[in-house]
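Trainee: Here is a sequence together with a model predicted from it:
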There are 2 protein chains.
Amino acid sequence: MEKKITRKEAILLVATQLFSIQGYRTTSMGEIAKAAGVADGTIFYHFKTKEELFLAVLEHFKEEIISEFSIIEENDTYKSGLEKIEALLSFYIYLANRLEDRFLLLHRHFPYTLAEDNPACWNHLEEIYNTLIGVFEQAILQGQADGSIDELPARKMAMIIFTLVDGMVRLNTYNIYHTGPLYNELITSCHRMLKK
Amino acid sequence: MEKKITRKEAILLVATQLFSIQGYRTTSMGEIAKAAGVADGTIFYHFKTKEELFLAVLEHFKEEIISEFSIIEENDTYKSGLEKIEALLSFYIYLANRLEDRFLLLHRHFPYTLAEDNPACWNHLEEIYNTLIGVFEQAILQGQADGSIDELPARKMAMIIFTLVDGMVRLNTYNIYHTGPLYNELITSCHRMLKK
DNA sequence: AAAAACTAACTGAGTGGTCAGTCAGTTTTT
DNA sequence: AAAAACTGACTGACCACTCAGTTAGTTTTT
């Protein structure tokens, strides 16, 4: 028995793709309606405004991110903290590929502009970043406990590593450089940065 | 004797700021005209379309970047390649602060979307990135010659380092985290990455 | 069991507003 | 006087959002 997708879910799905790929301003509500196979008015029945629809998209992504990384966190069978960092880097790149459109959304400017005067938006973004940076921080702390990682400020180093891997994902989606061939250098660089 | 600014220059200046801060789609030609103290039609006298105005802004930024880094390249009195990397990291952050709006433009999505079907735009972006990455690459090669930097693939490591600084600048402008306190960790991380 | 009443989901034509680009005419420069 | 620079009212296209009404399904009444 297939669970049949509701119209509201269809709208949210299509909106995620179009907002991500084309951008918020560039995507019209009519376009979303058409792509979702729904009348223009139907969107406004489920989501009061365009902004509210966008926030629903962002909230859904937040929940997805948290869920993905909590699975990784539980399944914690790495030998050392340093090895866990390497595994997390791989997973981050894998996830950014699998959830390509949502990560693209995170690399657009609109969410951050909206966040300036929309506390709900700001909270979603903060939770997303806290999750993404948090996993690296935990691995660093673990590595410092087991002796595989040097005594460096854990949170700050986590931000450095996040910045690096996220920057690579971003550069890749912008199509200026293909960062795929940089994978080995990413791993060894982080290794050199952290090891005792 | 002040060199008096032409109307065309005034339009270009205002357009740079507004496109950077507000975004391309969100900024109307009327808004630019008003801010530049010029009639709506005047913009179209100097720039045929909005897209052409944007390209002029990007081209101007490209020339600015190239000029800034060629000065640094000439004034080359650092003891070792590794020390030059550190100096370049500082300069990058200093420049990203001084040319805040133009760097913001580089972190928006529109230029990359436009580049997909506009070769001129693509060339501007490529030259900008080649300049930014090139300076790090040269410093690495120099460091490998003088023995201060390990034998790693120079171009790839330059991209890694660029990604790291640029990602920090970007994270900072998005106001989620203030990356200023990460400056020391940035320097030491790059040092650990590269040193023999 | 049939009819009536009610309800949530949905529709699409219509509205007011915005915006890139035009153009006929005016002002400034050479 | 000719050319170049400039003006601002105007146009057609687009867009977020509204709303009066339709449809399908459920509950209540008879």
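Mentor: Everything's here; your move. Numbers count the residues shown, from 1 in each chain, chains lettered A, B, ... in the order given.
Trainee: Count the residues that sit near whichever residue of chain A sits closest to DNA strand C.
Mentor: DNA strand C sits closest to A:Gly41 of chain A, with a gap of 1.8 Å, by Cβ to the nearest atom of the strand. C-betas here are computed from N, CA, C, even on glycine. A:Gly41: 9 surrounding residues under other Cβ atoms under 10 Å in any protein chain shown.
Trainee: That one sits in which helix or strand?
Mentor: Per DSSP states H and E: A:Gly41 is located in helix A:40-46.
Trainee: I'd like the next helix or strand past the helix ranked longest in chain A.
Mentor: Longest helix in chain A, counting residues (DSSP state H): helix A:119-146. Proceeding N to C from helix A:119-146, the next assigned helix or strand is helix A:154-173, under DSSP H and E.
Trainee: Buried residues in that next one, which are they?
Mentor: Of all the residues in helix A:154-173, those buried under the rule 16 or more other Cβ atoms under 10 Å in any protein chain shown are A:154, A:156-173.
Trainee: between it and helix B:154-173, how many degrees?
Mentor: Orientation note: helix A:154-173 sits at an angle of 110 degrees relative to helix B:154-173 (axes from the mean of the first three to the mean of the last three Cα atoms, to 10 degrees).
Trainee: relative to helix B:119-146, how tilted is helix A:154-173?
Mentor: 130 degrees.
Trainee: show me the contacts for A:Ala87.
Mentor: Applying Cβ atoms under 8 Å, 6 or more residues apart in numbering or on different chains, we find A:Ala87 in contact with A:Tyr78.
Trainee: Give me every residue in chain A that's in contact range of chain B.
Mentor: Counting by Cβ under 8 Å from any Cβ of the partner chain, chain A comes close to chain B at A:23, A:25-26, A:107-110, A:112-113, A:115-116, A:125-126, A:129, A:152-153, A:156-157, A:159-160, A:163-164, A:166-168, A:170-171, A:174-177, A:179, A:181-182, A:185-186, A:188-189, A:192-193.
Trainee: The closest residue in space to A:Asp101 that isn't next to it in sequence: neighbour count?
Mentor: In space, and not counting its chain neighbours, A:Asp101 is closest to A:Ser20: 3.8 Å by Cβ to Cβ, 6 or more residues apart in numbering or on different chains. By the criterion of other Cβ under 10 Å, A:Ser20 has 22 neighbours.
Trainee: A:Ser20 touches A:Leu99, doesn't it?
Mentor: No: at 9.7 Å, A:Ser20 and A:Leu99 do not qualify as touching, with contact defined as Cβ atoms under 8 Å.
Trainee: In space, what's closest to A:Glu31 - neighbours in sequence excluded?
Mentor: Leaving aside its sequence neighbours, A:Glu31 sits nearest to A:Leu18 (Cβ to Cβ, 6+ apart; 6.4 Å).
Trainee: before we move on, what SS does that neighbour have?
Mentor: Three-state call for A:Leu18 (DSSP: H, G, I helix; E, B strand; the rest coil): helix.
Trainee: What degree of burial does it show, as a neighbour count?
Mentor: If we define neighbours as other Cβ under 10 Å, then A:Leu18 has 20 of them.
Trainee: and what of A:Ala115?
Mentor: The number of residues packed near A:Ala115 is 20, by other Cβ under 10 Å.
Trainee: now do A:Leu182
Mentor: 21.
Trainee: which regions of chain A sit below the pLDDT cut-off?
Mentor: Low-confidence segments of chain A (pLDDT under 70): A:1-4.
Trainee: domain parsing for it?
Mentor: Domain assignment of chain A by automatic domain parsing yields the ranges A:1-47, A:54-194.
Trainee: Endpoints of the last one, how far apart?
Mentor: Distance between the boundary residues of domain A:54-194 (Cα to Cα, to the nearest Å) amounts to 38 Å.
Trainee: centre of the chain versus that domain, how much separation?
Mentor: Its chain's C-alpha centre and that of domain A:54-194 lie 7 Å apart, by Cα atoms, centre = their mean, to the nearest Å.
Trainee: Over to the shortest one?
Mentor: Using Cα atoms, centre = their mean, the distance from the centre of domain A:1-47 to the centre of the chain it belongs to is 21 Å.
Trainee: so, in contact with DNA strand D or not, that domain?
Mentor: Yes: using Cβ under 7 Å from any atom of the strand, domain A:1-47 reaches DNA strand D at A:Thr27, A:Ser28, A:Met29, A:Gly30, A:Glu31, A:Asp40, A:Gly41, A:Phe44.
Trainee: Count the residues that sit near the closest residue to A:Ile176 other than its chain neighbours.
Mentor: Distances taken as Cβ to Cβ, 6+ apart place B:Tyr129 nearest to A:Ile176, at 5.4 Å, with adjacent residues excluded. Number of residues near B:Tyr129 (other Cβ under 10 Å) recorded here: 19.
Trainee: my guess is B:Tyr129 contacts A:Tyr177, does it?
Mentor: Yes: B:Tyr129 is in contact with A:Tyr177 according to Cβ under 8 Å; the separation is 7.2 Å.
Trainee: check contacts around the closest residue to A:Lys196 other than its chain neighbours.
Mentor: Spatial nearest neighbour of A:Lys196, excluding adjacent residues (Cβ to Cβ, 6+ apart): A:Asp150 at 4.7 Å. The contact partners of A:Asp150, taken as Cβ under 8 Å, 6+ apart, are A:Gln144, A:Leu194, A:Lys195, A:Lys196.
Trainee: go on, A:Phe69?
Mentor: If you count contacts by Cβ under 8 Å, 6+ apart, A:Phe69 has them with A:Thr131, A:Leu132, A:Val135.
Trainee: Leaving out chain neighbours, which residue sits closest to the last one?
Mentor: By that I understand A:Val135. Leaving aside its sequence neighbours, A:Val135 sits nearest to A:Phe69 (Cβ to Cβ, 6+ apart; 5.3 Å).
Trainee: so that neighbour, which of the three states?
Mentor: On the basis of three-state DSSP, A:Phe69 is classed as helix.
Trainee: where's it relative to chain B, distance?
Mentor: Spatial separation of A:Phe69 from chain B under the definition Cβ to the nearest Cβ, to the nearest Å is 17 Å.
Trainee: again with A:Glu64
Mentor: Counting by Cβ to the nearest Cβ, the gap from A:Glu64 to chain B is 19 Å.
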